[in-house]
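Participant: Quick one, what's the 3D model for this:
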Amino acid sequence: MMDRFPLRVLIADDEAAIRSGLTEAINWSFYNAQIIGAAENGQTALSMILKYKPELAVIDIKMPLMDGLEVIHRAGEAGVDTRFIILSGYDDFALAQKAIRYGACAYFLKPLKIGEFEDELSHQLREISARKNPGAVGANVEALLRSSRIFFLNQLIANEIRGAEEIERRAALVDLRWLSESWCVIACSAALPAGEALSACLKSAAPVLNAVYPDIRHEVFLYGEDVLVSAVCVDKASFAPLRAALTAAMADLKAKTGYRFYAGVGKLIRGAGQAAVSYASALRALSYHLYEQPGDVYDDTIICRKEPSFNPDTISCERFVTAIETADTDAVRGLCRAYVDSLFFVELPPPDFLRAMCLSLLSAVGVQLRARHPDYNPPGTGGMENVRKCNTVSELCLWLEDGILLHARQYQQMKENADPVIRRAKQYIHDHIDTNIKAKDIAAIVNLSESYFTIYFKQKTGWSFRDYVLAARTDLAKALLSENRLTISEIAAATGYQDYRSLSRAFKNVTGFSPTGYQSK
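Facilitator: So this is what the prediction gives:
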């Protein structure tokens, strides 16, 4: 076991929770290291250090029988070449200074922040490994250094690290001193079909972005699940060539994957403390991919800074509500397109403004319908999360159309449920879906002539009687196909068709798929 993990580590602390926490919370094998013991007092810690000569000891200053400073001092006198990381519950700089004079390489206050501790740990073990194996730093330690860099950069762009000195210290530990120079954040994403995993797609794109910066210091990493981030050491002089290389990379990624990729370039900054500023500007520039500009690389120069004159509170939705009440779907689509066009107070208005105004209209329509019809229960709007999935202006317009038409369907459903004739007709259709349903049979039940019933059904539901029955059978067939329990012939019988051929023809006319094709898609 010792041969597999040549870097030996001792943990010494009088608190059992600290000993077990450090032992279990850290993947020591990933560091190419092994815990050789956990001591609860200084005397035991010194005995184990003298016996096993660990490369690293994580030791508390205040312990029974012998304090940590004394352990460090005696180990040094005995000629043991162990590195020490000091833990202390006391914010006492004098103790820290004394520990460093005795040979401690780092000093941490309790409660311990595991992320910061791992940064220091990776630095120390990397140096130990390099010293033991000159010219051949262990692959695991290199991998850990990489993960430590990514952890640090994630915290930087999230603005989670406070204090210039702490940022500088952490940057030095993970070999990112170039962050003190001129650099920027670049954010990249892609437009994928529903159901595709964006994070996996972006991870596969990382090598292409790495190739964009062959001679430039940089880091490429996934931030969250939907943004691939590049931190790139660049200045104004090399900004234009970088943009050209990014444009080529977006085209290369599209050719390789078939998906549209786009990048937002953040502001040039100097110093790691401005990382969140550059990232925010990169995201803002990235949002302009809605306009599908040539090259699909966006920077600060595209951002609209003119204030819009629109106010969501003044949105007029009267014509939308009238179109919904009259079941005029063509009018709804035309109104949606006209509304989106009206939002272009400049050539490229802020994308979030367009999204917010579409969301506001959708909400206002629901409020107006509820005011006119107290029994109306508006559906959810989908929220900003869903509207952000629109990657073009056309998709945004379709999203708005779908939302307004959902109001229309919900409103129509409310009317139908309030109409006893329609309610009884629908119930009959669903109860007899496996039979040869005829309009005259339902007309007799509701005491209307067949011709008047079909006209009435169309007026109230917006569906012809035949189309409604076909849609009901198709919906049931979809559900049964998804369950994958019945044969196609059995599904045909359950949905009122004479044989599977009749089902297949009708199903394909409605969905564009054969039943087996729908089942396997």
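Participant: where does the chain dip in pLDDT?
Facilitator: 1-6, 90-93, 96, 132-145, 310-315, 381-384, 521 (pLDDT under 70).
Participant: in it, what residue sits furthest out from the centroid?
Facilitator: residue 449 (57.2 Å; CA atoms, centre = their mean).
Participant: dump the residue contacts of it.
Facilitator: If you count contacts by CB atoms under 8 Å, 6 or more residues apart in numbering, residue 449 has them with residue 443. C-beta: built from backbone N, CA, C; applies to glycine.
Participant: Could you rerun that using 10 Å?
Facilitator: Contact partners of residue 449, counting by CB atoms under 10 Å, 6 or more residues apart in numbering, are 440, 443, 455-456.
Participant: Roughly how far does it sit from residue 100?
Facilitator: 99 Å (CB to CB, to the nearest Å).
Participant: can you check residue 156 too?
Facilitator: 27 Å.
Participant: again, but for residue 248
Facilitator: Distance from residue 248 to residue 100, by CB to CB: 50 Å.
Participant: do residue 518 as well
Facilitator: From residue 518 to residue 100 the distance is 70 Å (CB to CB).
Participant: neighbours of residue 488, just the number please.
Facilitator: Per other CB atoms under 10 Å, the neighbour tally for residue 488 reads 20.
Participant: typo on my end, it should be residue 409
Facilitator: Neighbours of residue 409 (other CB under 10 Å): 14.
Participant: Correct me if wrong: it contacts residue 378.
Facilitator: No. Between residue 409 and residue 378 there is no contact under CB atoms under 10 Å: 11.7 Å.
Participant: Now do the contacts for residue 446.
Facilitator: 420-425, 428, 452-453, 456-457.
Participant: One more pass at 7 Å, please.
Facilitator: Residue 446 sits next to 421, 424-425, 453 when contact means CB atoms under 7 Å, 6 or more residues apart in numbering.
Participant: one step back: out of residue 156 and residue 100, which sits in the more crowded spot?
Facilitator: residue 156 (24 against 15).
Participant: May I have the residues that are in contact with the residue nearest to that one when sequence neighbours are not counted?
Facilitator: Among residues not flanking residue 156 along the chain, residue 275 sits closest, at 3.9 Å (CB to CB, 6 or more residues apart in numbering). Going by CB under 7 Å, 6+ apart, residue 275 touches 156-157, 185.
Participant: List just the nearest of these to residue 369.
Facilitator: residue 157 (42.6 Å; CB to CB).
Participant: and the residue nearest to the closest one when sequence neighbours are not counted, how far is that from residue 231?
Facilitator: Excluding the flanking residues, the one nearest residue 157 by CB to CB, 6+ apart is residue 279, at 4.0 Å. As judged by CB to CB, residue 279 and residue 231 stand 9 Å apart.
Participant: Mutual contacts of those two, please.
Facilitator: Joint contacts of residue 279 and residue 231 (CB under 7 Å, 6+ apart) are residue 185.
Participant: Tell me which of the contacts of residue 275 fall in helices.
Facilitator: If you go by DSSP state H, the contacts of residue 275 have 156-157 in helices.
Participant: What's the first helix or strand after the longest strand seen in the chain?
Facilitator: Counting by DSSP state E, the longest strand found in the chain is strand 182-191. Counting by DSSP states H and E, the next helix or strand C-terminal to strand 182-191 is helix 198-212.
Participant: From the chain's centroid, how far away is that next one?
Facilitator: Helix 198-212 sits 15 Å away from the centroid of its parent chain (CA atoms, centre = their mean, to the nearest Å).
Participant: Can you give me the buried ones in that helix?
Facilitator: Using 16 or more other CB atoms under 10 Å as the test for burial, helix 198-212 gives 198, 201-202, 205, 208-209, 212.
Participant: Looking at the residues you listed, which one is closest to residue 151?
Facilitator: Each of the buried residues of helix 198-212 was checked against residue 151 using CB to CB; the closest is residue 202, at 18.1 Å.
Participant: Which residue is the nearest non-sequential neighbour of that closest one?
Facilitator: Nearest to residue 202 is residue 228, by CB to CB, 6+ apart, at 4.2 Å.
Participant: which ones are touching that neighbour?
Facilitator: 188-189, 202, 205-206, 209, 220, 222.
Participant: If we use 8 Å, what do you get?
Facilitator: 187-189, 202-203, 205-206, 209, 220-222.
Participant: What is the burial count for residue 431?
Facilitator: Neighbours of residue 431 (other CB under 10 Å): 10.
Participant: Wait, residue 426 touches residue 416, no?
Facilitator: Yes. In this structure, residue 426 is within contact of residue 416 by CB atoms under 8 Å, at 7.0 Å.
Participant: Give the buried residues for stretch 328-342.
Facilitator: Within stretch 328-342, judged by 16+ other CB under 10 Å, the buried ones are 329, 332-333, 335-336, 339-340.
Participant: Now, those that are in helices?
Facilitator: 329, 332-333, 335-336, 339-340.
Participant: how about the helices in the stretch 51-200 of the chain?
Facilitator: Secondary structure of the stretch 51-200 of the chain (DSSP state H, counting those that start in this stretch): helices at 68-77, 93-102, 114-132, 139-157, 164-173, 198-212.
Participant: so which of these gets nearest residue 28?
Facilitator: When these are compared (using CB to CB), the closest one is helix 114-132, at 9.3 Å.
Participant: returning to that earlier point: partner strands of the longest strand of the chain, with direction?
Facilitator: strand 227-233 (antiparallel), strand 260-265 (antiparallel), strand 269-270 (antiparallel) (DSSP bridges).
Participant: Turn these into CSV, columns for distance to residue 285.
Facilitator: Converted to CSV, the strands paired with strand 182-191 look like this (distance: least, CB to CB, whole Å):
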stretch, distance to residue 285
strand 227-233, 12
strand 260-265, 4
strand 269-270, 14
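Participant: for the ones you listed, which one sits closest to residue 497?
Facilitator: It's strand 260-265; of those, that one is closest to residue 497 (CB to CB) at 41.5 Å.
Participant: Any idea how many residues pack against residue 165?
Facilitator: Around residue 165 there are 8 residues (other CB under 10 Å).
Participant: cool, and residue 161?
Facilitator: So residue 161, with other CB under 10 Å, has 20 neighbours.
Participant: How about residue 435?
Facilitator: 10.
Participant: Compare the contacts of residue 449 and tell me which has the most neighbours.
Facilitator: Most surrounded of those: other CB under 10 Å gives residue 443, at 21 neighbours.
Participant: Which one of the contacts of residue 228 is nearest to residue 241?
Facilitator: Using CB to CB, the contacts of residue 228 come closest to residue 241 at residue 209, 15.2 Å.
Participant: excluding its backbone neighbours, what's nearest the closest one?
Facilitator: residue 220 (5.0 Å).
Participant: cool, residue 105 as well?
Facilitator: Residue 105's closest residue in space is residue 83 (CB to CB, 6+ apart), at 5.1 Å.
Participant: try residue 210
Facilitator: In space, residue 210 is closest to residue 220, 5.3 Å off (CB to CB, 6+ apart).
Participant: The helix or strand harbouring that neighbour to strand 227-233, inter-axis angle?
Facilitator: Element membership of residue 220 [criterion: DSSP H and E] is strand 218-223. Put simply, strand 218-223 runs at 160 degrees to strand 227-233, going by axes from the mean of the first three to the mean of the last three CA atoms, to 10 degrees.
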